[in-house]
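**Student:** quick one: sequence and predicted model below, then my questions.
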Amino acid sequence: MTIESNNSVVFLMGPTASGKTELAIEISKHLDSKIISVDSALIYRGMDIGTAKPSKELLKNYPHEIIDICEPHEGFSVKQFVQLANKHIESALNDKKLPILVGGTSFYFNALEHGLSALPASTNQSRKHFNNLLQKMGSEKLHKELQEIDPKSAKRIHPNDSQRITRALEVHKLSGETLSALQGNKNQNKLDLKIKKIVLMPERSDLHIRIEKRFIEMIKNGFLDEVKSLRENQKLNLDLASMRCVGYRQAWNYFDGVYNKKEMIEKAIVATRQLCKRQCTWLRNEREALILTETDINKVINFLEEQNT
């Protein structure tokens, strides 16, 4: 089936473990489309099991763009993501295919929809400074500091979201302006296309069960061996964005003797549920989206056809 795609894209959004990938594949079976990943963890090579990356066989049959594009020790900015996503969107539209952007990384979707702010580039020196502060003070104390400097950003950012907290503080230190003030001037690379939004958000109790089952399955499938292999890379450490991905930090600490195996599993599951909660909070604010609690391909196709008229 073909749905006119010359001026529209699909945002398929959902919390972790909601079944987004499976739904994206179901859509692609029915529509001539191109899947583009919107996931800040799937970009890293060698991080397959812990990120629930689609299998090589599945990717061969249903290719996903913006997966396995950089090494875990390399940086990857929102600006780089937007540039790549726009390139793949344009390519899909030129091929008369419907771009399906699927994932749960809110700041990637936000940057695509609303554009980029003129934020100062991060520097090695400033990153090191705030990573040291994070180690000494912890994310909750840094969040309180952010509340004093930039209450608007602090309200949006969860006290446990150390990456976004340190970035907000870094922006203020480098520019003298608050993150919320700079983000008020978004106009670069704004997506000038009709956006058809689909939110897949099962009930919280179901998500919690899925998260626990999935992580136990990851352990059985060799997740700890994957992390052990990553630890051989001398360029990797816990301050890097890749190692802040849920599960990886806890497993790294397990190998450092901080936790025993049972504690590591419990902490990884709790961290994933916290991520899920933050994602659900973001998604509840989405407007004019088709909200699904379970995969229903007929509802999706009908929605896309209606949105096309």
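**Tutor:** Nice, I can see it.
**Student:** distance check, the residue positioned nearest the centre of the chain against residue 195.
**Tutor:** Nearest to the mean C-alpha position of the chain, by C-alpha atoms, centre = their mean, lies residue 105 at 2.6 Å. Distance, residue 105 to residue 195, using C-beta to C-beta, to the nearest Å: 16 Å. No exception for glycine: its C-beta is placed from N, CA and C like everyone else's.
**Student:** neighbours of the closest residue to residue 139 other than its chain neighbours, how many?
**Tutor:** Nearest residue to residue 139 in three dimensions, chain neighbours excluded: residue 162, at 4.0 Å (C-beta to C-beta, 6 or more residues apart in numbering). By other C-beta atoms under 10 Å, 21 other residues sit near residue 162.
**Student:** residue 162 against residue 137, yeah?
**Tutor:** No. Applying C-beta atoms under 8 Å as the test, residue 162 and residue 137 come out as separate, 10.3 Å apart.
**Student:** where does pLDDT dip in the stretch 101-250 of the chain?
**Tutor:** Counting by pLDDT under 70, the stretch 101-250 of the chain shows low-confidence ranges at 185-189.
**Student:** what about the strands in it?
**Tutor:** Using DSSP state E, counting those that start in this stretch, the strands assigned to the stretch 101-250 of the chain run over residues 194-200.
**Student:** for the closest residue to residue 226 other than its chain neighbours, grab phi and psi.
**Tutor:** The shortest distance from residue 226 to any residue that is not its chain neighbour, by C-beta to C-beta, 6+ apart, is 4.9 Å, and that residue is residue 49. With angles defined as degrees, to the nearest 10, residue 49 sits at phi -70, psi -50.
**Student:** give the contact list for residue 49.
**Tutor:** Residue 49 sits next to 218, 221-223, 226 when contact means C-beta atoms under 8 Å, 6 or more residues apart in numbering.
**Student:** and of these, the nearest to residue 174?
**Tutor:** Closest approach between the contacts of residue 49 and residue 174, by C-beta to C-beta: residue 226, at 34.9 Å.
**Student:** pretty sure the closest one contacts residue 50?
**Tutor:** Yes. The criterion here is C-beta under 8 Å, and residue 226 meets it with residue 50 at 6.3 Å.
**Student:** neighbour-wise, which of the two wins?
**Tutor:** residue 50 (25 against 20).
**Student:** the helices in the stretch 101-250 of the chain, which residues?
**Tutor:** 106-114, 124-137, 139-149, 151-156, 162-175, 179-183, 204-220, 223-231, 248-255 (DSSP state H, counting those that start in this stretch).
**Student:** quick check: the residue nearest to the centre of the chain touching residue 42?
**Tutor:** No. Using C-beta under 8 Å, residue 105 makes no contact with residue 42, being 9.2 Å away.
**Student:** one step back: which PyMOL command selects the buried ones in the contacts of residue 49?
**Tutor:** Those of these that count as buried under 16 or more other C-beta atoms under 10 Å are selected in PyMOL with:
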select buried, resi 218+223+226
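**Student:** which of the contacts of residue 49 sits closest to residue 274?
**Tutor:** Nearest member of the contacts of residue 49 to residue 274, counting by C-beta to C-beta, is residue 218, at 17.3 Å.
**Student:** output stretch 225-243 as CSV - backbone C-alpha positions only.
**Tutor:** What follows is stretch 225-243, C-alpha atoms only, in CSV (Å, rounded to 0.1, in the frame of the first residue of the first chain):
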residue,chain,number,x,y,z
ASP,A,225,30.2,-10.5,28.2
GLU,A,226,29.3,-7.5,26.0
VAL,A,227,30.2,-5.1,28.8
LYS,A,228,33.4,-7.0,29.6
SER,A,229,34.4,-6.6,26.0
LEU,A,230,33.7,-2.9,26.1
ARG,A,231,35.8,-2.5,29.2
GLU,A,232,38.8,-3.6,27.2
ASN,A,233,38.5,-0.3,25.3
GLN,A,234,40.9,2.0,27.2
LYS,A,235,39.1,5.0,25.8
LEU,A,236,35.9,4.1,27.6
ASN,A,237,34.8,5.3,31.1
LEU,A,238,31.7,6.0,33.0
ASP,A,239,31.7,9.7,32.2
LEU,A,240,30.9,9.1,28.5
ALA,A,241,27.4,9.3,27.2
SER,A,242,27.5,5.7,25.9
MET,A,243,28.2,4.3,29.4
